[in-house]
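S.K.: okay, here's the prediction I keep looking at, along with the sequence it came from:
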Amino acid sequence: MKEYPKFLYRAVEDKTIVWAENTNEYLVLENTTADILEKIDNGISVKEIAANLTKKIAVPLDKTTDFVLDLEKKIRTPKAKKESITINNYTTVKKPAQFKFTKYYKINSLIFKVEFYSEYELYLVHPKFAHLEVENNYKTSFTFTVFLNNTVVFLSVDNTIIGAWDKKEIHFFQGKFSMELTQKIHQKEENKWLGVFHASAVSNEEKAVLFLGGSGNGKSTSLALLQRSGFTCLADDFVPIDKDKKEVYSFPAAISIKKNSLKTLLPLYPELENSAEYSFERLHKIVRYLKPNNTNLLSHLPCKDLVFIKYEKNSDLKFDRISKIEAFQQLVPDSWLSPIKENAEVFLDWFDTLNCYQITYSKNKKMIASVTKIFNDEV
Amino acid sequence: MENQNSKKENISRKGALKKIGSYGKYAALTALGTYLILNPQKAQATSPENPGTGF
């Protein structure tokens, strides 16, 4: 017997979001279509569903029957599980005997010892965490090891290999490194997280606001500006949200500042003048790293507001509420979302509570004033 | 803030727009059968940043 995938249904505005367990895909369907899918799932006959649809939309029965059958075939039929991006066949790989660099990072009371085989591995991780580096005067809490073998980067934590990634998919290695760090800092295993957003999280110590937007839209620059205006940087680029509290958790990585933002930020952060510059040639990016101002790296806060932010030269301020469905379309493809059914359900619950906005700006003060309004519930 | 949905042009869709089938002149069915698939990232990721030679 075919094992049919399980679905979750959530009406949002004038659509229904449907989550498929076997693929971890989110579908945005018309309400009527989602309703038909749910009826098929509940064992109601195609004949009955098609007859009802014919009554509802005045289309001949043979056509609505085709539609219901097509829907069943296209969406309900089990699909193959997606391939994993990690390389699993690494049983013969041995950890190197020597490491060129060993760094110690202090996060709250935890000391992370990280061993890097060579300069290549060092620069995959260290620039973002250099501000947390300490001398080796403490007892190590966890040991992370990073080494390249041929074209594959390996990560082990306390001598257990966590994964291996091709050099071409290095952002997944960095994501896993960050995830392992998050799990240790906040003492929650991976199944306790709803997801990780590619966003910036800003707080006023009471609640968090998430900033989203494509690369180059000015998320990190906006975050740096807000941080200078009295807000706290909870996380940049890697924003975890947990299942139990449905809150956004702090992540201690530095804020990456692109070269073209320096002019704006140097007057506010003179320390950027002399900070190391890193060149990501393949991406035509030159960045410096700015220390986040969060002092409580254990903090986690509720988040009810999501802002798509965009810096646009010479533009007037545009500050609008946007539809949740629009926001969802942008949020999901950029995020890691837990494939566990229970977590997907909680994620949809959480998403349902959000207010979604869009801010386009060129004047920093106007952007900061708009964000302050969101924090103060004055929108 | 009553200006809902007016700024769609700035938000790009990253999902795939799909059609369940083709129903000719029955536009109502075509509309019902148009949907969007959104795939989350396969695993946790950071912004794609990779060291070049500029260190």
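M.R.: Good, I have the coordinates. Numbering: from 1, shown residues only, chains lettered A, B, ... in the order given.

S.K.: direction included, what does the lowest-mean-pLDDT helix or strand in chain A pair up with?
M.R.: Using mean pLDDT, DSSP states H and E, the weakest-scoring helix or strand in chain A turns out to be strand A:277-280, at a mean of 84. Strands adjacent to strand A:277-280 in the sheet, as given by DSSP bridges, are strand A:285-290 (antiparallel).

S.K.: need the mean per-residue confidence for the partner strand.
M.R.: Strand A:285-290 shows a mean pLDDT of 90.

S.K.: and whichever helix or strand comes after it, what's buried?
M.R.: Once strand A:285-290 ends, the next helix or strand along the chain (criterion: DSSP states H and E) is strand A:300-311. Going by neighbour count (16 or more other C-beta atoms under 10 Å in any protein chain shown), the buried part of strand A:300-311 is A:300, A:301, A:303, A:305, A:306, A:307, A:308, A:309, A:310, A:311. Using the backbone N, CA and C atoms, a C-beta is placed for each residue, glycine as well.

S.K.: which of those residues lies closest to residue A:123?
M.R.: Residue A:123 lies nearest to residue A:311 out of the buried residues of strand A:300-311, by C-beta to C-beta, at 27.7 Å.

S.K.: quick one, what contacts the nearest residue to that closest one once chain neighbours are set aside?
M.R.: Counting by C-beta to C-beta, 6 or more residues apart in numbering or on different chains, residue A:218 is the residue found nearest to residue A:311 once chain neighbours are left out, at 3.3 Å. Contacts here follow C-beta atoms under 8 Å, 6 or more residues apart in numbering or on different chains; on that basis residue A:218 touches A:261, A:309, A:310, A:311.

S.K.: tell me where the model's unsure across chain B.
M.R.: For chain B, the stretches with pLDDT under 70 are B:1-14, B:49-55.

S.K.: which residues of it fall in strands?
M.R.: Here chain B has its strands, by DSSP state E, at B:16-19, B:34-38.

S.K.: other SSEs contacting the shortest one?
M.R.: Think strand B:16-19. Packed against strand B:16-19 by the contact rule (3 or more C-beta pairs under 8 Å, 6 or more residues apart in numbering or on different chains; DSSP states H and E) you find strand B:34-38.

S.K.: contacts for the strand it packs on?
M.R.: Residues contacting strand B:34-38 (C-beta under 8 Å, 6+ apart): A:25-30, A:33, A:328-329, A:332-333, B:13-20.

S.K.: look up phi and psi at the nearest residue to residue A:108 once chain neighbours are set aside.
M.R.: Computed as C-beta to C-beta, 6+ apart, the closest residue to residue A:108 that is not its neighbour in sequence is residue A:297, at 5.2 Å. Dihedral pair for residue A:297: phi -80, psi 0, per degrees, to the nearest 10.

S.K.: and for residue A:297, the neighbour number?
M.R.: Neighbour count of residue A:297, defined by other C-beta atoms under 10 Å in any protein chain shown: 19.

S.K.: and the pLDDT at it?
M.R.: Per-residue pLDDT puts residue A:297 at 92.

S.K.: cool, residue A:90 as well?
M.R.: With respect to pLDDT, residue A:90 has a value of 73.

S.K.: how far away is it from chain B?
M.R.: Applying C-beta to the nearest C-beta, to the nearest Å, the value for residue A:90 to chain B is 16 Å.

S.K.: distance-wise, check that residue relative to residue A:154.
M.R.: Distance, residue A:90 to residue A:154, by C-beta to C-beta, to the nearest Å: 7 Å.

S.K.: and residue A:279, by the same measure?
M.R.: Applying C-beta to C-beta to residue A:279 and residue A:154 gives a distance of 25 Å.

S.K.: more neighbours: these two, which one.
M.R.: Comparing residue A:279 with residue A:154 by other C-beta under 10 Å, the one with more neighbours is residue A:154, at 22 against 16.

S.K.: got the domain ranges for chain A?
M.R.: Split into domains by automatic domain parsing, chain A comes to A:7-76, A:101-186, A:193-256+A:294-375.

S.K.: so which of those domains is the most packed in?
M.R.: The highest mean neighbour count among those, using mean count of other C-beta atoms under 10 Å in any protein chain shown, belongs to domain A:193-256+A:294-375: a mean of 20.
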